[in-house]
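# Got a sequence here, can you model it:
(one chain, ligands or ions: 2)
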Amino acid sequence: MLYPVTEKNLELAAAAIRNGDLAAFPTETVYGLGGDAFNPSALAKIFEAKARPRFDPLIIHIADITALENIADLSLLNSTAREKVGCLTAALWPGPLTLILPKQSRVPDLATSGLATAAIRFPSHPVAQHLIRLSTGAVAAPSANRFGCLSPTSAEHVAEQLGDKVDIILDGGRSSVGVESTVLDMSAASPCILRPGGVSREQIEAVIGPVTMGNSNTVVTPASPGQLKSHYAPGVPLTVHRREEMIGLKFEASVGYLFFDGASRDAWLEKGTGHHIHPLTRTLSEDGDSIEAAANLFAVLHEMDRLGLSRIRVELAPEGGLGDAINDRLSRAAAK
Ligand code: TXA
Ligand code: MG
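Numbering: from 1, shown residues only. Ligands and ions are numbered 1, 2, ... in the order given. The predicted structure is shown next:
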């Protein structure tokens, strides 16, 4: 059930988490399905509700920087890495950045799928922060969707996919960033982005210098299991196209066309190949702003998924900034 954000409902959700139950809540990236990170039975409920394989570890959310060292053992890092972690948390937390760090032994194996590292994030959304502080200070929360399906950027999206699995969904409106956090591995020899997301590579490099991009597309045991090739997928088949290719496409009946910006949509409409058809089009950002496009991405895909289309054709975003996260999600949605 959807609960508007009030003090009373926040306390209700916090009590559920303290008692080992689950509550869904808004973050700036996507909605999360939260449970006490230190309660294995709550963690088991998360996997169960999402139908998520246990090899896919969870992100632990904190709302106070001092909680970091309850979860991560920074003494296992070398001094350069430790310094970089300090710079990253100072510059980019709270925000859409998840750090992979050596874990404290008290963190349950179920949270980390038995890995020696934990994923930790300090979200900037005030409701998320409030809930984390009121509950247990460490909330494990994957995106509140069924495994492999589109991520939720509104409380309604959560209700559609998990309404029968979670009693409390705090409704904080639409998520402003719209794509998940960037997952940055700081436990490896050199920093590596395992999942592009709401903080761009450029923003990270401005703080700690060069980072590599983990290409886990082809590996059998992905370093970051959320990077399985087919993921974030709508029910309708989806095909991605580069800009020039998209503009050259013929109009097809029952196909939906999702453009990155108004300019490419207009260029395509002007060509009008097959003009007896009124194509169904959507645009991620009229002005081609990748931040706006990311914020709209999942909501538009959820909407197009419900229109009874035979296929969705999507224009890829220009590379760089949030374009990398958008293209990552689109390519995985297409891989189904
Ligand atoms: O924006 C977000 O990060 C959202 C909101 C709710 O905070 N959460 C989210 O969680 O996207 P989830 O579970 O959908 O994605 C977590 C990602 C997965 O790709 C998982 O494999 C990776 O983080 N991950 C978690 N722990 C890891 C670890 N120890 N090493 C490598 N990757 C890890
Ligand atoms: Mg997810």
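# ok but residue 333 is inside a helix, no?
Yes: counting by DSSP: H, G, I helix; E, B strand; the rest coil, residue 333 is found in a helix.
# can you start the count at 14 instead of 1 from here on
With 14 as the first residue, the last one maps to residue 346.
# burial measure for the closest residue to residue 75 other than its chain neighbours, as a count.
Excluding the flanking residues, the one nearest residue 75 by C-beta to C-beta, 6 or more residues apart in numbering is residue 135, at 5.3 Å. To be clear about C-beta, it is placed using only N, CA and C from the backbone, and glycine gets the same treatment. Other residues lying near residue 135 total 23 when counted by other C-beta atoms under 10 Å.
# same question, residue 205
Residue 205: 20 neighbours (other C-beta under 10 Å).
# right, is the longest helix seen in the chain up against ligand 1?
Counting by DSSP state H, the longest helix found in the chain is helix 303-318. No: judged by C-beta under 6 Å from any ligand atom, helix 303-318 stays clear of ligand 1, getting no closer than 11.4 Å.
# Strand partners (parallel or antiparallel) of the next helix or strand after that helix?
Moving toward the C-terminus from helix 303-318, the next helix or strand (DSSP states H and E) is strand 324-328. Sheet pairing of strand 324-328 (DSSP bridges) gives strand 251-254 (parallel), strand 268-274 (parallel).
# So what touches the longest one?
When contacts are defined by C-beta atoms under 8 Å, 6 or more residues apart in numbering, strand 268-274 is touched by residues 249, 256, 259, 262, 278, 281, 292-301, 306, 313-314, 317, 320, 322-331.
# Listing request: residues of the stretch 64-213 of the chain with sub-threshold pLDDT.
Judged by pLDDT under 70, the stretch 64-213 of the chain has no weakly predicted residues.
# For it, just list every one of the strands.
Listed in chain order, the strands of the stretch 64-213 of the chain (DSSP state E, counting those that start in this stretch) span residues 72-74, 110-115, 130-134, 152-153, 182-184, 195-198, 205-208.
# among the ones you listed, which is the most enclosed?
strand 152-153 (a mean of 30; mean count of other C-beta atoms under 10 Å).
# who's in contact with residue 253?
Counted by C-beta under 8 Å, 6+ apart, residue 253 has contacts 326-329, 340, 343-344, 347.
# what two of those residues are the furthest from one another?
With distance counted by C-beta to C-beta, no two of the contacts of residue 253 lie farther apart than 326 and 340, which are 14.7 Å apart.
# More neighbours: the two, which one.
The residue with more neighbours, out of residue 326 and residue 340, is residue 326; 22 against 19, by other C-beta under 10 Å.
# for the chain, what spans make up the helices?
Per DSSP H, the chain carries helices over the ranges 20-31, 53-63, 81-84, 92-105, 122-125, 139-147, 168-175, 214-221, 256-260, 275-284, 303-318, 336-347.
# Switch these over to CSV; also include distance to residue 198.
Listed next are the helices of the chain as CSV, based on distance: least, C-beta to C-beta, whole Å:
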stretch, distance to residue 198
helix 20-31, 27
helix 53-63, 22
helix 81-84, 16
helix 92-105, 10
helix 122-125, 13
helix 139-147, 23
helix 168-175, 28
helix 214-221, 12
helix 256-260, 31
helix 275-284, 35
helix 303-318, 22
helix 336-347, 16
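# Ligand 1 contacts on this protein?
40, 42-43, 45, 69-72, 109, 111, 113, 125, 128, 130-132, 134, 136, 154-156, 193-194, 196, 207-208, 236-240.
# relative to its centroid, which residue of this structure is most remote?
In terms of distance from the mean C-alpha position of the chain, residue 289 ranks first, at 39.0 Å (C-alpha atoms, centre = their mean).
# follow-up on the earlier one: how near is the residue nearest to residue 75 to residue 151?
Applying C-beta to C-beta, to the nearest Å, the value for residue 135 to residue 151 is 11 Å.
# okay, and the common contacts of the two?
Here residue 135 and residue 151 have 74-75 as joint contacts, going by C-beta under 8 Å, 6+ apart.
# list the contacts for the most centrally placed residue in the chain?
Central residue of the chain (C-alpha atoms, centre = their mean): residue 193, 2.1 Å from the mean position. Shown in contact with residue 193 (C-beta under 8 Å, 6+ apart): 42-43, 109, 156, 164, 208, 210-211, 239, 338.
# Equivalent analysis for residue 210, please.
42, 109-111, 192-196, 338.
# And for residue 151, the neighbour number?
Residue 151: 23 neighbours (other C-beta under 10 Å).
# OK, contacts around it?
Counting by C-beta under 8 Å, 6+ apart, residue 151 has contacts 49-51, 73-75, 80, 83-84, 145.
# By neighbours, which of those residues wins?
In terms of neighbours by other C-beta under 10 Å, the contacts of residue 151 top out with residue 50 at 32 neighbours.
# Distance of residue 315 relative to residue 95?
41 Å.
# neighbour count winner among these two?
Between residue 315 and residue 95, counting by other C-beta under 10 Å, residue 315 is the more crowded of the two (21 against 14).
# Now do stretch 341-349: everything it contacts.
163-164, 192, 208-209, 241-247, 250-253, 310-311, 314, 327, 329-330.
# Are any of those buried, and if so which?
163-164, 192, 208-209, 241, 244-247, 251, 253, 310-311, 314, 327, 329-330 (16 or more other C-beta atoms under 10 Å).
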